[in-house]
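1. Have a look at this fold, sequence not included:
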């Protein structure tokens, strides 16, 4: 949405003033499987949410403008803001404290110029509710687009997401049992993008609040900032610090 | 398409005469996974096709008009015509001979009035190419819509289809590891129906042959007739008999 | 067990006379998953059994002694006798009638000398109970050892078996999502072989009937003979013919 | 192995002095799938290891002696010491720094008497190699025994572990697609325990170093201590502090 909370606030205020609807593009909220998981949490199938995990490993080689994380907010913003939103949504609670560690493992050629650049990270979170969570992120993984989530409750666990691109399975002498991997979020979330756009149009038409609001984007930015500070300062960061 | 080949021939002739495009609604040909399987056969990934199997178990309770199979052509037409088309498509060869056996296992209440009605069948086929195939069909299975295919070649095997409706997995104390089953072909083939319609529109616009032709429908009807004769007469039926 | 029923009868009589226990090596009856499926049928989870399917595709190149099916009873005996036993066990009913079709697709070099040799088959069965079944068999498939079963009942369906050899999944740029395939029945049924031997020892120690009897072997031989006759004579064969 | 490193050292020294072999019961090192994953890392299939994750969610209600974590070392020792060992083994590197957060979510009745008791935790680790890792732990989850691992490398990702207890899948009207979950580590690692014992016997017979040494146990204890300190003091803990 933006690089810092102040910019988010200005955007939200401008929309309010103009009477415009603002919807943030967290398309996973419109994905059939991610949505079903949410409704099953709400139906109480696994009791109270206690531990959440979201992984996104992306295939793309980082663009030049991403390399300076002080200007781009890095992988956390580019990819894992989606995981951040998913965790907030499923936890039904705000992030209270984060700890993140990160490294550059696949982009050695930019290390000298951009020593703070990272392509892989783990970030843990303590929610205000007391629940705990973890996000695994990676860019430029090569093997595909891999987005999965798991939510442990007091009475069970729920999983969603997949790495297989279709239902086709091939078994041959030299290849073992093979399924195609998801190449990109574009194909994986094709239906979700459509549903997202439909939802926004309906929100405008019915003059109701969009399903994903400016505040959802603002919170993601705040958490990205906290995570990056944690990475750079190698310490726990409370959300009210940023 | 119709109840007999003569009617198909009239429909095809009428369309030709009128200069209209005729496309048969075998939507599996437009499903991403079924399509990918076809292109991998063609790429030679499993060598020559030697054994094919297609299953469709459907959830729907048979409608009254389906009960007299002499008027409706029964389950073979209603559900398994899709499997027949898939097998022809993947085998790249025509059916030469079929043998089918069938029974009524879940609709006992109609047995007296419709003794020939069947809700479950197995049909084997010998293709002109020498390849062999098998279709499993069932209606009113209750547990969901279950469409799967497997193709054994001289160098490997390919599978497509699924019974799981989403990527959500729940594990709870009493339920084990659970995934939702596909409720209906409507959801399963939503994207395929869209692609099917697009393809037809493009065929009309470009004035080219549709991807699924009247002859594909005609051949399915012929095979349905042969299968039903095999069921009723409890014997192998060659396609050139019907 | 033997090439014909008369030999089976002599073996059974000899064991009875000698007071020896005779157990047939249908190890799938001792496999944890196959056994669990049986107990769930018996618990009524899927209602009455109406359609059964068992597949075995084996990796091995046929040995020279198997090539003359008149002396070896062919693939049906060598591999699919296990599927035959599984279907009898799960159906709780005897085979009444079979139809099989077969071909030689991967062993072209022996076609001239052994024109009746087949490496791939489909066999359908009508059970005395009215249930229907199907067996898919293939030798020398190259891609692994592939044994799977599915049982449709009036209220649901059960599956067992697997083609994946371990829980390891690899995803790499060029390979997609890959799991190792089962290389051989030896590894797949390692635990089952152990349980089978234990069960036999216990049957001897407790002087009780073995879990798999001479009659189970005898019935498999009878069905193999019926299936081979069906293949050679291209017609349905009733079990009381052989 | 013990509650602190000093005790481990005494045990190791005692064994050395007595000329006895000491093998620690990290049975996952002998599990076929976990072992295969290790050998594939070593074969270079995924390049360098950069991000590791190990989950163990256990079904057991904590025993009374576990409740005082100052005497028992808690869940980290009881369950997640296995994950710790797996991560050290796969990373090929020692833990440098940990951060853990934990809570008591399912055992509310002991909160008053044992305020430090936790039944759920997330622990991140920075390895000396620079790699990063994460362990998810939970006791008393009810839904089964759930042990899974994933290892991201510079060229791909590897997964092992499973939550399904057998290959049986049931699909029924009300239950969806269901597989049984693993009830206990006893069944899951049955073969691994056997292989572990065999390996130890062979180490004794051949007078060679056991596959899992006293030092492996000692390092796990050290990491458990670091993790518990991190939980109690809510801060990163370097391994050389404990």
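-> Done, it's in. This one's a predicted model, so the numbers in the text were calculated from it and none came from an experiment.

2. Residue A:75 contacts residue A:118, doesn't it?
-> Yes - between residue A:75 and residue A:118 there is a contact at 6.2 Å, judged by CB atoms under 8 Å. Glycine gets a C-beta too; all of them are placed from N, C-alpha and C.

3. quick one: which of the two has more around it?
-> Neighbour count, other CB atoms under 10 Å in any protein chain shown: between residue A:75 and residue A:118, residue A:75 has more, with 29 against 25.

4. Can you read off the pLDDT for the more buried one?
-> Here, the pLDDT recorded for residue A:75 equals 96.

5. helix or strand for it, which one?
-> Using DSSP states H and E, residue A:75 sits in helix A:74-78.

6. which strands and helices sit next to that helix?
-> Counting contacts by 3 or more CB pairs under 8 Å, 6 or more residues apart in numbering or on different chains; DSSP states H and E, helix A:74-78 packs against strand A:95-103, strand A:120-127, strand A:132-138, helix A:214-233.

7. Near chain B, which residues of chain A? Just list them.
-> A:32-33, A:36-37, A:40, A:45-46, A:155-162, A:166-173, A:175, A:180, A:191 (CB under 8 Å from any CB of the partner chain).

8. Identify those among these that sit within strands.
-> A:156, A:157, A:158, A:159, A:160, A:161, A:162, A:169, A:170, A:171, A:172 (DSSP state E).

9. closest to residue A:91 among those residues?
-> Among those, residue A:158 lies closest to residue A:91 (CB to CB), at 12.7 Å.

10. Now for that closest one: which residues touch it?
-> A:37, A:40, A:41, A:45, A:46, A:150, A:151, B:168, B:169, B:170, B:171 (CB atoms under 8 Å, 6 or more residues apart in numbering or on different chains).

11. what's the closest non-adjacent residue to the last one?
-> Excluding the flanking residues, the one nearest residue B:171 by CB to CB, 6 or more residues apart in numbering or on different chains is residue D:143, at 4.4 Å.

12. cool, the fifth one as well?
-> Of all residues beyond its chain neighbours, the one nearest residue A:46 is residue A:153 (3.0 Å), with distances taken as CB to CB, 6+ apart.

13. The one you found: what's it in contact with?
-> A:41, A:45, A:46, A:47, A:48, A:49, A:50.

14. The third one reaches residue A:150, doesn't it?
-> Just to be clear, that refers to residue A:46. No - the pair residue A:46 / residue A:150 is not scored as a contact, 10.6 Å apart, by CB under 8 Å.

15. what is in contact with these two at once?
-> With CB under 8 Å, 6+ apart, residue A:46 and residue A:150 have common neighbours A:157, A:158.

16. give me the number of residues near residue A:173?
-> 13.

17. How about the contacts made by it?
-> Residue A:173 touches B:155, B:156, C:142, C:143, counting by CB under 8 Å, 6+ apart.

18. Nearest to chain D among those residues?
-> Using CB to the nearest CB, residue C:143 comes nearest to chain D of the contacts of residue A:173, at 18.1 Å.

19. Adding neighbour count, distance to residue A:208 and pLDDT as columns, could you present the contacts of residue A:158 in a markdown table?
-> Listed next are these as a markdown table, based on neighbours: other CB atoms under 10 Å in any protein chain shown; distance: CB to CB, whole Å; pLDDT from 0 to 100:
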| residue | neighbour count | distance to residue A:208 | pLDDT |
| --- | --- | --- | --- |
| A:37 | 28 | 24 | 98 |
| A:40 | 19 | 25 | 97 |
| A:41 | 21 | 23 | 98 |
| A:45 | 18 | 28 | 96 |
| A:46 | 24 | 30 | 97 |
| A:150 | 24 | 32 | 98 |
| A:151 | 27 | 28 | 98 |
| B:168 | 24 | 27 | 97 |
| B:169 | 22 | 33 | 97 |
| B:170 | 25 | 31 | 96 |
| B:171 | 26 | 36 | 96 |
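
20. I'd like to know which of these is nearest to residue D:212.
-> residue A:150 (29.0 Å).

21. Double-check the closest one against residue A:49; I have them as touching.
-> No - Residue A:150 lies out of contact with residue A:49 (CB under 8 Å); the separation is 11.0 Å.

22. phi, psi of residue A:237?
-> Dihedral angles of residue A:237 (phi, psi; degrees, to the nearest 10) stand at phi -130, psi 130.

23. Neighbours of it, how many?
-> Other residues near residue A:237 come to 21 when the count uses other CB under 10 Å.

24. ok, now which ones touch it?
-> A:97, A:98, A:99, A:226, A:227, A:229, A:230.
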